[in-house]
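Asker: Curious how this folds, go ahead:
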Amino acid sequence: MRLTKQVKQVIILLAFVFPAIIFYSVFVLTPTFGGVWYSLTNWNGLNPTYKLVGFSNYIEALTDDPYFLDSIWFTLKYVIFMVVLANSLAIVLAVLIETQKRGKVWFRTIFFMPNMISLIIGGFMWMFIFTKVLPYIAEHTIFHFLDQSWIGDPRFSFYTILILSLWSGVGYLMVIYIAALQGVPQQMREAAAIDGANGIQTFMNITLPMIYPAITIGLFVTLNNSFKVFEAVYALTGGGPGRSTQVIALNIYEEAFRLSSRYGYASAKAMILFMIVFIVTLIQLWIMKRREVEA
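Answerer: Okay, the predicted model is just below:
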């Protein structure tokens, strides 16, 4: 039986895709479905035997675990600040760089470089800045207000995490917005200028609506990364002082591997985090897609 040309093409495509499907199934799908199953058990991560406990892990996490509930609220606070500040700063930087006639490549490189550094290493770098550099500056200059317990004081520790995250993540978003700005026709801007529109009016009425798809991507990336933040908190504050800066991912990690070894219970928390991210992302995409159509 001779194979047709289309069947041969399908077989060739499947041959190329099959290894990726295997890796995706082994390293993504299997742990995901395994996590769903273990979230319904009391497995401790070590014993080969465990009991099925149904949804009791979920009920306990949402009703009888104040540390987990606190981590949810802290994470939501962090997400709100990151989504607003990271995208706003990235858009501002992208616009400023694109208006420059010289040095665009250097500016892009400088602002993107922190994204290439591991957040763990960046956390240690910023810990040195907050604990050594700023106190030294405060002692030898007139900027005495810099002499604060940036890491050890709950009033400031949240902002240290925010600074580290913005320093690391804004450059990546900036590149997305630069690409979007380069796709805005220059003729439209020139026509707006001829009609008497100033720079702000041109940006708000022409540039901003045309980069809505990029804003959708930026919001999606920021939401996803912010809900799953771990390295920045782990490297900089470790969730402290106390548990004042503990995010959901760090709470799950400590539940599974450090404090109680309740792997099944930690899996239930991970599923709750997944549902939160999934629902918030769907709402965000629905809102932004409507804005894109209206624009």
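Asker: neighbouring contacts of stretch 28-47?
Answerer: Outside stretch 28-47, the residues that touch it by CB atoms under 8 Å, 6 or more residues apart in numbering are 50-55, 57-58, 256-257, 261-265, 267-268, 270-271. Every C-beta, even on glycine, is put in place using the N, C-alpha and C of the backbone.
Asker: What is the end-to-end distance of that stretch?
Answerer: 23 Å (CA to CA, to the nearest Å).
Asker: what comes up buried for that stretch?
Answerer: Of the residues in stretch 28-47, 35, 38-43 count as buried by neighbour count, 16 or more other CB atoms under 10 Å.
Asker: Check those and tell me the two furthest apart.
Answerer: Across the buried residues of stretch 28-47, the longest distance by CB to CB is 14.7 Å; it joins Gly35 and Asn42.
Asker: Asp147: neighbouring residues, count only.
Answerer: A total of 13 residues lie near Asp147 under the criterion other CB atoms under 10 Å.
Asker: for the residue nearest the centre of the chain, helix, strand, or coil?
Answerer: Geometric centre of the chain, nearest residue: Asn225, 1.6 Å, by CA atoms, centre = their mean. Secondary structure assignment for Asn225 (DSSP: H, G, I helix; E, B strand; the rest coil): helix.
Asker: what residues are up against it?
Answerer: 82, 169.
Asker: same question, Ala86
Answerer: Contacts for Ala86 (CB under 8 Å, 6+ apart) come out as 165-166, 169-170, 173, 218, 222.
Asker: From those, pick the one nearest Thr245.
Answerer: Ser165 (12.0 Å).
Asker: Give me the residue ranges of this protein where confidence is low.
Answerer: Counting by pLDDT under 70, the chain contains low-confidence ranges at 1-3, 291-295.
Asker: what's the stretch of helix or strand Arg189 belongs to packed up against?
Answerer: Here Arg189, judged by DSSP states H and E, is contained in helix 186-194. Packing partners of helix 186-194 (3 or more CB pairs under 8 Å, 6 or more residues apart in numbering; DSSP states H and E): helix 199-202.
Asker: As PDB, could you dump the C-alpha coordinates of the helix it packs on?
Answerer: Taking Å, rounded to 0.1, in the frame of the first residue of the first chain, the C-alpha atoms of helix 199-202 are listed here in PDB:
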ATOM      1  CA  GLY A 199       3.300  63.900  22.600                       C
ATOM      2  CA  ILE A 200       1.000  62.800  25.500                       C
ATOM      3  CA  GLN A 201      -2.200  62.900  23.300                       C
ATOM      4  CA  THR A 202      -0.400  61.000  20.500                       C
END
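Asker: Pull the number of nearby residues for Ile137.
Answerer: Ile137: 15 neighbours (other CB under 10 Å).
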